[in-house]
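Colleague: sequence? don't have it. structure:
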């Protein structure tokens, strides 16, 4: 998928966060942080020419980063590390029955912001809306 | 996870879905429905002793890793196989419409809702048999 489509999709998914409550909807807040962050991650990987636009990562670890055609540098890792934090919380707090932890959910939201800032710095104007693109 | 924990988790996701708009939030709705359905399916799998409570699936293909395939072959009847098939609707939609840019339209809402209703109806009935 083109980088600017990833940015748009990430923004669409992230917009849903505004409708959710940090206590009542925490599982989907974590999921939204992961989904939106992964779109920004893919956009950055495409723009940095580490992955082709037809090859998207589902997660920071799938497929493993060492499988990619070029090494992932520190600029990408600055966003991948907070994204990996979000991914790590899912097993116990989204799929599992771990007790609610407000600090953890807040850290996921903060991690998305950090990841987004790092990834969009790489994407630059390649993330801008095209003259024509699908809704 | 215990059946009651799966049911509670499913209800939590369902409550979130109620706050969302079918068009503006369709990606998140599809993702949340997948969680509702996988939790309810785990509850039904445990209720029918297909899988134990310490062996959960998050996607249909996890069943291919289940250590006792002969047990699965015996315990999964045709109806159960059909509802598991319905979960693949969400597994497909997430690729095309959440991770991908598949165009949104009413048919997407219908496919997602039909699969959701089918899984929920079956699982609610199945889980109720052990709760009553």
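Modeller: Perfect, I can see it now. Bear in mind the structure is a predicted one, so any value in this text is a computation, not a measurement. Numbers count the residues shown, from 1 in each chain, chains lettered A, B, ... in the order given.

Colleague: can you list contacts of stretch B:122-132?
Modeller: Applying C-beta atoms under 8 Å, 6 or more residues apart in numbering or on different chains, the external contacts of stretch B:122-132 come out as B:3, B:7, B:37, B:40-41, B:43-44, B:47-48, B:79-80, B:83. Using the backbone N, CA and C atoms, a C-beta is placed for each residue, glycine as well.

Colleague: tell me the contacts of the most centrally placed residue in chain A?
Modeller: Nearest to the mean C-alpha position of chain A, by C-alpha atoms, centre = their mean, lies residue A:37 at 1.1 Å. Taking C-beta under 8 Å, 6+ apart, we find residue A:37 in contact with A:10, A:79, A:82-83, A:86, A:111-112, A:115-116, A:119.

Colleague: about what we covered before: which of the contacts of stretch B:122-132 are buried?
Modeller: Buried members of the contacts of stretch B:122-132, counted by 16 or more other C-beta atoms under 10 Å in any protein chain shown: B:3, B:7, B:37, B:40-41, B:43-44, B:47-48, B:80, B:83.

Colleague: tabulate these (JSON lines), appending distance to residue A:107, pLDDT and secondary structure.
Modeller: Output for those, formatted as JSON lines (distance: C-beta to C-beta, whole Å; pLDDT from 0 to 100; DSSP: H, G, I helix; E, B strand; the rest coil):
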{"residue": "B:3", "distance to residue A:107": "31", "pLDDT": "97", "secondary structure": "helix"}
{"residue": "B:7", "distance to residue A:107": "28", "pLDDT": "97", "secondary structure": "helix"}
{"residue": "B:37", "distance to residue A:107": "28", "pLDDT": "97", "secondary structure": "helix"}
{"residue": "B:40", "distance to residue A:107": "29", "pLDDT": "98", "secondary structure": "helix"}
{"residue": "B:41", "distance to residue A:107": "30", "pLDDT": "98", "secondary structure": "helix"}
{"residue": "B:43", "distance to residue A:107": "30", "pLDDT": "98", "secondary structure": "helix"}
{"residue": "B:44", "distance to residue A:107": "34", "pLDDT": "98", "secondary structure": "helix"}
{"residue": "B:47", "distance to residue A:107": "36", "pLDDT": "97", "secondary structure": "helix"}
{"residue": "B:48", "distance to residue A:107": "39", "pLDDT": "96", "secondary structure": "coil"}
{"residue": "B:80", "distance to residue A:107": "39", "pLDDT": "96", "secondary structure": "helix"}
{"residue": "B:83", "distance to residue A:107": "36", "pLDDT": "96", "secondary structure": "helix"}
